[in-house]
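Asks: Next come a sequence and a model predicted from it.
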Amino acid sequence: MTDTVLITGATSGFGLACARRFASAGGYRLVLTGRRSERLADIAKELGEQCEVHTLTLDVTDREAVVAALTSLPEAFAQVKILVNNAGLALGTGPAQESSLEDWQRMINTNIAGLTTVTHTLLPTLIEQGKGASIINIGSIAGNWPYPGGNVYCGTKAFVEQFSHALRCDLAGTGVRVSNLAPGLAESEFTLVRTGGDQAASDKLYAGTNPIKPEDIADSVFWIASLPAHLNVNQLEIMPVSQAWSPFSIHRES
Ligand SMILES: NC(=O)C1=CN([C@@H]2O[C@H](COP(=O)(O)OP(=O)(O)OC[C@H]3O[C@@H](n4cnc5c(N)ncnc54)[C@H](OP(=O)(O)O)[C@@H]3O)[C@@H](O)[C@H]2O)C=CC1
Ligand SMILES: O=CCS(=O)(=O)O
């Protein structure tokens, strides 16, 4: 039996690693989305030798486009059984009072609105698939642990976590599983995007940390999706050993 996996944000980082992981396992066909068409074409060529691949150049913030694309998948790719809601980003590292409202809106539109549009559109199909169907949402440690400069990004990932749990309440009895996977410090294009393309800042952040690699997350996603159908991973938080918590900040009046 070949199961269909749909991965949003498959042109880089975790999403690309997930695509490669499922392709190499055999027994899956892939629907891969992203905004960068040329990357999707390259990935389809790379993985097309291992499995059937359908790519969608898609901006998850474009509600009409997402609904149109996901309700008109080619028949061979329409029975999506595993949804990896991975597409997302953080923008800016400064305090809220120095942040751009446009950046805030884009994080909300991508990490919350985009994820919910994709999920809502695919729910009927996932319910049809029943037992073994999975929604794996890529949240973040930021959804549980606030930090300076996290502001809206933390809020969007807190939404992803709680949405994942509440979705399980509604899907009880359908067999569809829902997981929130919450990674910590991971080296991908994430920080490049967050800093507006500052490669030096990205390199500095990860230097010497032995961070999570996208392949580590792909292995976790694959494990969650491959569990026996009667098991649901509600929440999986993963940090590199180099990352931990620090004391509360205390401001003292002079
Ligand atoms: N790296 C980290 O430290 C952590 C990352 N995360 C989360 O993991 C997920 C993947 O991030 P990561 O792989 O690290 O980062 P990358 O920047 O490497 O990958 C992000 C992916 O999301 C896609 N994407 C971004 N915006 C949109 C959009 N509007 N429409 C469609 N696709 C979009 C990008 O594709 P394209 O540009 O082609 O559209 C790209 O494929 C994100 O949700 C992120 O918040 C969570 C915890 C830690
Ligand atoms: O989600 C990404 C990890 S962090 O930048 O919030 O620590």
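Replies: Yep, that arrived. Residues are numbered from 1 along each chain as shown. Ligands and ions are numbered 1, 2, ... in the order given.

Asks: Around ligand 1, pick out the residues from this protein.
Replies: Within the chain, the positions adjacent to ligand 1 are 8-15, 34-36, 39, 58-61, 86-89, 110, 114, 138, 140, 183, 185-186, 188-190, 193, 214 by Cβ under 6 Å from any ligand atom. Quick note: C-beta positions are derived from backbone N, CA and C, even for glycine.

Asks: Pull out the buried residues from those residues.
Replies: 8-15, 34, 39, 58, 60-61, 86-89, 110, 114, 138, 140, 183, 185-186, 188, 190, 193, 214 (16 or more other Cβ atoms under 10 Å).

Asks: Give me the subset of the residues you listed lying in strands.
Replies: 34, 138, 183 (DSSP state E).

Asks: Surely the second one and Asn86 touch.
Replies: Yes: with contact taken as Cβ atoms under 8 Å, Ile138 and Asn86 are classed as touching, separated by 4.5 Å.

Asks: Quick check: which helices or strands does the longest helix seen in the chain pack against?
Replies: Counting by DSSP state H, the longest helix found in the chain is helix 151-171. Here helix 151-171 touches helix 101-107, helix 115-129, strand 134-138, strand 177-183, strand 235-238, going by 3 or more Cβ pairs under 8 Å, 6 or more residues apart in numbering; DSSP states H and E.

Asks: quick one: low-confidence ranges for this structure?
Replies: In the predicted model, the chain carries no residue with pLDDT under 70.

Asks: Pull up the residues of it that are close to ligand 2.
Replies: Counting by Cβ under 6 Å from any ligand atom, the chain sits next to ligand 2 at 140-142, 184-185.

Asks: between those, which is closest to Glu98?
Replies: Ala142 (18.4 Å; Cβ to Cβ).

Asks: Now His54: closest residue in space that isn't a chain neighbour?
Replies: Among residues not flanking His54 along the chain, Phe77 sits closest, at 4.5 Å (Cβ to Cβ, 6 or more residues apart in numbering).

Asks: Surely that neighbour is in contact with Thr4?
Replies: Yes: assessed by Cβ under 8 Å, Phe77 is found in contact with Thr4 at 5.7 Å.

Asks: Which residues are in contact with each of these two?
Replies: Counting by Cβ atoms under 8 Å, 6 or more residues apart in numbering, the common neighbours of Phe77 and Thr4 are 29, 31.

Asks: So for stretch 59-79, what gets flagged as buried?
Replies: So for stretch 59-79, counting by 16+ other Cβ under 10 Å, buried means 60-61, 63, 66, 69-70, 73, 77, 79.

Asks: Name the residues that touch that stretch?
Replies: 4, 6, 8-9, 29, 31, 33, 35, 52, 54, 56, 58, 80, 87, 106, 109-110, 113-115, 117-118, 121-122, 125, 128-129.

Asks: thinking again about what came up before, now for the buried residues of stretch 59-79, which pair is the farthest apart?
Replies: Top of the distance list for the buried residues of stretch 59-79 (Cβ to Cβ): Thr61 and Gln79, 25.8 Å.
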